[in-house]
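In: okay, predicted coordinates and the sequence, questions at the end:
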Amino acid sequence: MGASQTIRVVAGVIGRDGSYLITQRRPGAVLPLLWEFPGGRVEATESDSQALLREVRHRLGVEIAVGQLISFVSHPYE
């Protein structure tokens with residue numbers, strides 16, 4: 001078994017009037033076509049907030065305000 005690698009990702013819970021935004025993973029992605037909160041990888045030179053702003057802007061074309069951290073989860077992947 002090789003050394004594990006940590007990949008930091010962020011996701012945003014974006015809600016308005018009791019509805020929440022979820023996005024579908026690309027067909028070629030890991031766990032294809034599943035639904036998830038929007039977000040993505042944190043680059044080495046950016047904070048979690050900066051990464052979330054960049055990912056949402058890039059993938060959805062919208063600007064958001066980043067609020068507070070609500071959860072932290074660590075998953076081992078193969």
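Out: Sure, I can see it.
In: quick one, strands of the protein?
Out: With strands called from DSSP state E, the chain shows them at 9-11, 15-16, 19-20, 23-24, 35-36, 39-41.
In: any low-confidence regions in this protein?
Out: Residue ranges of the chain with pLDDT under 70: 1-2, 77-78.
In: what about the helices in it?
Out: Ranges of helices within the chain are 48-60, based on DSSP state H.
In: tell me which residue is most central in the chain.
Out: Gly39 (2.3 Å; C-alpha atoms, centre = their mean).
In: and the strands of the chain as TSV, adding distance to Ser71?
Out: The C-beta positions use only the backbone N, C-alpha and C, and glycine is treated the same way. As requested, those are exported to TSV (distance: least, C-beta to C-beta, whole Å):
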stretch	distance to Ser71
strand 9-11	9
strand 15-16	15
strand 19-20	14
strand 23-24	18
strand 35-36	14
strand 39-41	12
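In: from the ones you listed, which stretch is densest packed?
Out: Comparing the strands of the chain by mean neighbour count (mean count of other C-beta atoms under 10 Å), strand 9-11 ranks first with a mean of 18.
In: show me the contacts for the nearest residue to Val13 once chain neighbours are set aside.
Out: Closest residue to Val13 apart from its sequence neighbours, by C-beta to C-beta, 6 or more residues apart in numbering: Phe37 at 5.7 Å. Applying C-beta atoms under 8 Å, 6 or more residues apart in numbering, we find Phe37 in contact with 11-14, 20-23.
In: how close does Phe37 get to Ile70?
Out: For Phe37, the distance to Ile70 (C-beta to C-beta, to the nearest Å) stands at 11 Å.
In: what do you get for Ser4?
Out: From Ser4 across to Ile70, the span is 26 Å (C-beta to C-beta).
In: cool, Ser19 as well?
Out: 17 Å.
In: once you drop chain neighbours, what's closest to the residue nearest to the centre of the chain?
Out: Ala11 (3.5 Å).
In: if I pick that neighbour, what's in contact with it?
Out: Counting by C-beta under 8 Å, 6+ apart, Ala11 has contacts 36-39, 52.
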